[in-house]
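Student: predicted model and sequence below, questions to follow.
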Amino acid sequence: MEALLQLPPGKEEGSYWTVATDYDQMNLLLERMEVRYLEDRTIGWILRYYRWYFIIGCGLLLLFILNWAYLAFAVRRKTAQLHRKIEENREYERENRKITERIEALEKAKSIGIISAMVAHELKQPLGAINNYSEAILRQLKRGKKPAEEILTEAFSEIKSESQRASDIVEFVRNIGRKEPRERKCFDLEAAVSRTIRLMKRLGRLNSKCTLSGAKNVLVFADPLNVDLVLMNLLKNAEEAVRNQSNAEIKVEIKNAGADALVIIDDNGPKMSDEQFASLRNLGQSSKKDGLGLGLAIVRELLEANGGSLKLVRIPAGGLRCIASLPIALEDKNGPG
């Protein structure tokens, strides 16, 4: 090649070189030299010459395809798992709905039973009072005695009052079913406690020694009927607790505790075991053979409905302390009822 290029371009020496118009000889020469023009390079030559580039490119393409296939498989697997999980959740929801419906049905049945027992439990006192006054008048009439006008006036007044109380209890229970609160009023707590103690003594429901002490002129804001029911239940429980005690005594104290007024009822009944004391907190359980286990549950519900609370404390020497709290009436509330 170098010898060819060293030939002079002139014709003086007999041999020269110039730009050829026929490439056959040149192609033959290049073919012998294993050199080709780009336009004459075949696909096979290109593949051989650039084979490593093709191999690397094909490898990368294969990796991309495999990666895409793996991702597609993983997505399908995760999607299938998600569908199964959604279906399981739907099945759980259906089961939970069925269970909830069964629980609601049982709760409704239980609520009806509790309300029925509550009505029977609370109506005993006013109906018992009406019965006592009626029997007393009938006994005197059967003996041929005409009751004095004062006695008749007092008896009929009490019968009317207790009839209204029974009507209020029925209306109160109906409001529980409708979840409608009763009207709250401002009234003197000491007067309400004193009135309840006198009533229960007159009805023969409170035969033990019962003393009232503490703060005077304490105004609370609550439903008077609710408070009467609370006091009657707590005093009745205290009376039953000290019934067999030789020195039976019930102490009632009223305290002003800032924003709340406290009615503290202590009895000197027998000591209570841990199991007996714990049962007082459970609705439907009673330590008495014929008890419904509703007394303290009703008391707690009534107090909480009026913004108060109930606390039970065992007295170390024996007996139980019941602390009922009620909100003190503010100055802008209605006057005493």
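Tutor: Cool, got the structure. Numbers count the residues shown, from 1 in each chain.
Student: all helices for the stretch 151-300 of the chain, in order.
Tutor: Ranges of helices in the stretch 151-300 of the chain, per DSSP state H, counting those that start in this stretch, are 189-202, 224-241, 274-279, 295-305.
Student: which ones are touching residue 60?
Tutor: Counting by Cβ atoms under 8 Å, 6 or more residues apart in numbering, residue 60 makes contact with nothing. (Each C-beta comes from the backbone N, C-alpha and C, glycine too.)
Student: now the angle from whichever strand or helix holds it to helix 224-241?
Tutor: Assigning secondary structure by DSSP states H and E places residue 60 in helix 51-142. Here the directions of helix 51-142 and helix 224-241 differ by 80 degrees (axes from the mean of the first three to the mean of the last three Cα atoms, to 10 degrees).
Student: quick one, what contacts the residue nearest to residue 271 when sequence neighbours are not counted?
Tutor: Spatial nearest neighbour of residue 271, chain neighbours left out: residue 318 (4.5 Å); criterion: Cβ to Cβ, 6 or more residues apart in numbering. The contact partners of residue 318, by Cβ under 8 Å, 6+ apart, come to 268-271.
Student: could I get these as JSON lines with distance to residue 248 and pLDDT?
Tutor: Putting the contacts of residue 318 into JSON lines (distance: Cβ to Cβ, whole Å; pLDDT from 0 to 100) gives the following:
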{"residue": "268", "distance to residue 248": "7", "pLDDT": "91"}
{"residue": "269", "distance to residue 248": "8", "pLDDT": "89"}
{"residue": "270", "distance to residue 248": "11", "pLDDT": "89"}
{"residue": "271", "distance to residue 248": "15", "pLDDT": "87"}
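Student: remind me which residues of the stretch 51-200 of the chain are low pLDDT?
Tutor: Along the stretch 51-200 of the chain, the parts satisfying pLDDT under 70 run over 100, 102-122, 171-182.
Student: swap that for the stretch 201-337 of the chain, sorry
Tutor: 203, 281-295, 331-337.
Student: quickly list the domain ranges of this protein.
Tutor: 113-178, 185-327 (automatic domain parsing).
Student: what's the spacing between the longest one and its chain's center?
Tutor: Mean C-alpha position of domain 185-327 versus that of the full chain (Cα atoms, centre = their mean, to the nearest Å) differs by 28 Å.
Student: that one: end-to-end distance?
Tutor: For domain 185-327, the separation between the terminal residues is 11 Å (Cα to Cα, to the nearest Å).
Student: could you do stretch 241-256 as well?
Tutor: Using Cα to Cα, first and last residues of stretch 241-256 are 27 Å apart.
Student: buried ones in that stretch?
Tutor: 241-242, 248-254 (16 or more other Cβ atoms under 10 Å).
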